[in-house]
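**Q** can you look at this prediction? I've put the sequence above it.
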Amino acid sequence: MRGAWLLLLLLSTGCYPIYKQLQRDSSATVLDEKGAPLVGAEVSLISSTYPYGFESNRCILVTDASGLAQFEGKREWRWEAFFIHGAQEFFWNWCVEKEGYQTHQTAWTNAGAFVEEVTVSLTPGDSTPCARPPER
């Protein structure tokens, strides 16, 4: 009975526990312009949050012999509070870079537009580093 009162008290303050997905199970296959796997490309899976748009996590893997970088999902229990703008939501983007190839970076999208199994074809050109968020 005491636990129910505690839960009721917490909910009345606008706080609630939630098991949140911080990073999606996902993979990226990186190919060259001829369709051959690119070994050693850096693939970044970038997690950001709405409504603030801040980057919350960046996981970087290097592609294997088949051009694959495989990311494991991450979830955790968190405390959230009700806000005028709604709950904090995560969204994800890709950035792929390899020396001698043009960098590929997706636009800042919502969670519904994220592609969990993506194939990226890089074309020869100047590499640029993946964009970093501004200092907070």
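**A** Received the coordinates, thanks. Numbers count the residues shown, from 1 in each chain.
**Q** can you tell me, leaving aside adjacent residues, what's nearest to residue 73?
**A** Nearest in space to residue 73, with sequence neighbours left out and distances taken as C-beta to C-beta, 6 or more residues apart in numbering, is residue 25 at 4.0 Å. All C-beta spots, glycine's among them, are computed from the backbone N, C-alpha and C.
**Q** the one you found: how many residues sit nearby?
**A** Residues lying near residue 25 (other C-beta atoms under 10 Å) number 12.
**Q** over to the one 4 residues further on?
**A** The tally of other residues near residue 29 (other C-beta under 10 Å) stands at 19.
**Q** residue 4 too?
**A** Neighbours around residue 4, by other C-beta under 10 Å: 8.
**Q** A strand includes it, no?
**A** No - membership of residue 4 in a strand is not supported by DSSP: H, G, I helix; E, B strand; the rest coil, which gives helix.
**Q** ranges for the helices of this structure?
**A** 2-12 (DSSP state H).
**Q** quick one: low-confidence ranges for it?
**A** Low-confidence segments of the chain (pLDDT under 70): 1-3, 5-14, 52-53, 82-86, 108-112, 133-136.
**Q** strands of the protein, start to end?
**A** Counting by DSSP state E, the chain has these strands, from start to end: 15-23, 26-31, 42-50, 55-62, 68-71, 74-81, 89-97, 104-105, 117-121.
**Q** between those, which one is nearest to residue 4?
**A** When the strands of the chain are compared by C-beta to C-beta, strand 15-23 sits nearest residue 4, at 14.4 Å.
**Q** next up, the contacts around the residue nearest to residue 73.
**A** For residue 25, the contact set (C-beta atoms under 8 Å, 6 or more residues apart in numbering) comprises 71, 72, 73, 116.
**Q** and the two most separated of those?
**A** 72 and 116 (12.2 Å).
**Q** how far away is the closest residue to residue 70 other than its chain neighbours from residue 116?
**A** Leaving aside its sequence neighbours, residue 70 sits nearest to residue 27 (C-beta to C-beta, 6+ apart; 4.6 Å). Going from residue 27 to residue 116 by C-beta to C-beta, to the nearest Å gives 7 Å.
**Q** out of the two, which sits in the busier spot?
**A** For residue 27 and residue 116, the more surrounded residue by other C-beta under 10 Å is residue 27, and the numbers stand at 15 against 12.
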